[in-house]
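Enquirer: structure here, sequence nowhere to be found:
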């Protein structure tokens with residue numbers, strides 16, 4: 001009996017101890033949950049508080065950058081010191097800077113008349129032709145007046161009157177002896193119009209080289225459409241407007257070219273030129289020509305006929321009387337009128353034409369030159385220019401020509 005009571009007592013103690021342990025464990029769990037929740041709430045609260053502090057600090061810092069901190073103004077500068085000069089305005093932004101358009105200006109502007117191009121460079125550049133036929137700009141056509149001289153243009157005052165009032169419709173080029181020097185006033189139309197020149201001898205092939213040199217320099221100006229070769233003894237027979245209109249309206253070129261039997265015609269031909277040039281293609285004519293831009297380009301580009309004449313045409317063969325007439329007849333006969341526009345008197349015979357001096361110049365003589373239709377293919381089948389006039393005829397030309405030819 002006693003053992004049963006002991007057992008029960010022990011059993012009761014064990015149950016109480018288990019209940020106590022259960023209560024302690026439950027209390028520990030609740031305590032841990034409470035501590036965890038408290039820590040979580042504290043952490044969230046602290047994190048939010050710290051973020052507010054950071055945002056406020058950044059806002060304060062940003063505000064301090066926008067609103068300058070008031071400082072004590074510096075003392076005024078001494079009266080002896082001048083006030084500082086204002087700062088220059090900032091340069092314009094590249095995106096809004098206004099610049100003038102270059103376009104084709106650099107290409108269209110011809111080089112200086114006294115350039116340093118070599119002969120082959122000059123001819124190469126002059127031979128360049130655009131494939132597009134229509135010009136992308138307004139092109140005012142000009143006449144290139146090319147003077148092949150030994151020295152000065154002795155009748156320059158007459159030409160001054162002829163060109164007066166027509167700037168922009170003509171160009172002037174002068175080829176003279178390299179050692180010739182002349183001081184001209186800047187107001188002269190011939191001032192600074194002399195191209196780089198070389199020695200020229202009468203009757204020699206370098207006469208053709210000089211003509212091509214003039215053409216090549218004139219071709220550098222894209223506005224030049226018509227090309228007239230003149231000498232220092234040439235005069236115009238009509239005013240500028242009449243000559244300009246006739247040249248611009250013409251669909252033909254004016255290179256004199258004809259077949260001439262006899263010693264001064266076919267007799268100057270040599271078989272060494274065959275097969276490039278045959279006897280029945282041999283032609284003669286005046287060297288004073290008028291041609292358009294298309295033919296001028298072909299002349300400066302020619303190497304075949306040019307080299308044939310250079311090698312085989314020696315006196316009594318004179319290239320200036322045969323090269324262009326033969327070349328144009330072979331290559332461009334359909335476009336050429338086979339006549340010149342320059343009146344010349346060869347009736348007296350000899351190696352040189354008649355030279356007209358002062359006593360011959362009068363109103364009647366000039367009117368006759370303008371009306372003679374037997375030698376040229378110009379204005380109403382007449383001539384536009386005439387030669388050969390000496391320097392002593394200048395005063396009478398200045399007296400009569402402007403009235404007869406209706407200058408200005």
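Expert: Structure received. Note that the structure is predicted; figures quoted are calculated from it, not measured. Residues are numbered from 1 along each chain as shown.
Enquirer: how far away is residue 212 from residue 335?
Expert: 19 Å (C-beta to C-beta, to the nearest Å). The C-beta positions use only the backbone N, C-alpha and C, and glycine is treated the same way.
Enquirer: swap that for residue 150, sorry
Expert: In terms of C-beta to C-beta, residue 150 sits 32 Å off from residue 335.
Enquirer: ranges for the helices of this structure?
Expert: 2-66, 105-108, 119-126, 156-163, 206-219, 240-249, 293-301, 304-312, 319-332, 363-371, 394-404 (DSSP state H).
Enquirer: more neighbours, residue 212 and residue 335?
Expert: Using other C-beta atoms under 10 Å, the more surrounded residue of residue 212 and residue 335 is residue 212, with 21 against 15.
Enquirer: what's the pLDDT at the more buried one?
Expert: Per-residue confidence (pLDDT) for residue 212: 98.
Enquirer: residue 173 - how many residues pack around it?
Expert: Counted with other C-beta under 10 Å, residues neighbouring residue 173 total 25.
Enquirer: partners of it in the sheet?
Expert: Per DSSP bridges, the residues bridged to residue 173 are residue 146.
Enquirer: test my guess that it contacts residue 217.
Expert: Yes: taking contacts as C-beta atoms under 8 Å, residue 173 lies within contact range of residue 217: 5.5 Å.
Enquirer: overlap in contacts, the two.
Expert: Contact with both residue 173 and residue 217 is made by residues 113, 195, according to C-beta atoms under 8 Å, 6 or more residues apart in numbering.
Enquirer: okay, now the residue nearest to residue 328 when sequence neighbours are not counted: neighbour count?
Expert: Once flanking residues are discounted, residue 328 sits nearest to residue 255: 4.7 Å by C-beta to C-beta, 6 or more residues apart in numbering. Residue 255 is flanked by 29 other residues according to other C-beta under 10 Å.
Enquirer: contacting residues for residue 255?
Expert: Contacts of residue 255 by C-beta under 8 Å, 6+ apart are 285, 289, 290, 291, 295, 324, 325, 328, 336, 338, 340.
Enquirer: of the residues you listed, just say which sits nearest to residue 384.
Expert: Within the contacts of residue 255, proximity to residue 384 (C-beta to C-beta) peaks at residue 290, which comes in at 7.7 Å.
Enquirer: burial count for the residue nearest to the closest one when sequence neighbours are not counted?
Expert: In space, and not counting its chain neighbours, residue 290 is closest to residue 254: 4.1 Å by C-beta to C-beta, 6+ apart. Using other C-beta under 10 Å, residue 254 has 25 other residues around it.
Enquirer: can you give me the distance of residue 254 to residue 189?
Expert: 24 Å.
Enquirer: now residue 393
Expert: Counting by C-beta to C-beta, the gap from residue 393 to residue 189 is 20 Å.
Enquirer: the more surrounded of these two?
Expert: residue 393 (22 against 17).
Enquirer: the more buried one contacts residue 361, correct?
Expert: Yes: using C-beta under 8 Å, residue 393 is in contact with residue 361, at 4.8 Å.
Enquirer: report the contact partners of the residue nearest to residue 217 when sequence neighbours are not counted.
Expert: When the adjacent residues along the chain are set aside, residue 217 lies closest to residue 195, with 4.6 Å between them (C-beta to C-beta, 6+ apart). Counting by C-beta under 8 Å, 6+ apart, residue 195 touches 113, 114, 173, 174, 175, 213, 214, 217.
Enquirer: got JSON lines for those residues, with distance to residue 351 too?
Expert: As requested, these are arranged in JSON lines below (distance: C-beta to C-beta, whole Å):
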{"residue": "113", "distance to residue 351": "33"}
{"residue": "114", "distance to residue 351": "34"}
{"residue": "173", "distance to residue 351": "27"}
{"residue": "174", "distance to residue 351": "25"}
{"residue": "175", "distance to residue 351": "22"}
{"residue": "213", "distance to residue 351": "24"}
{"residue": "214", "distance to residue 351": "23"}
{"residue": "217", "distance to residue 351": "29"}
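Enquirer: just among those, which is most surrounded?
Expert: Counting by other C-beta under 10 Å, top hit in these: residue 217 with 27 neighbours.
Enquirer: pLDDT score for that residue?
Expert: 98.
Enquirer: got the contact list for it?
Expert: 113, 122, 126, 173, 195.
Enquirer: also residue 365?
Expert: Counting by C-beta under 8 Å, 6+ apart, residue 365 has contacts residue 356.
Enquirer: and it, how close does it get to residue 156?
Expert: For residue 365, the distance to residue 156 - C-beta to C-beta - is 21 Å.
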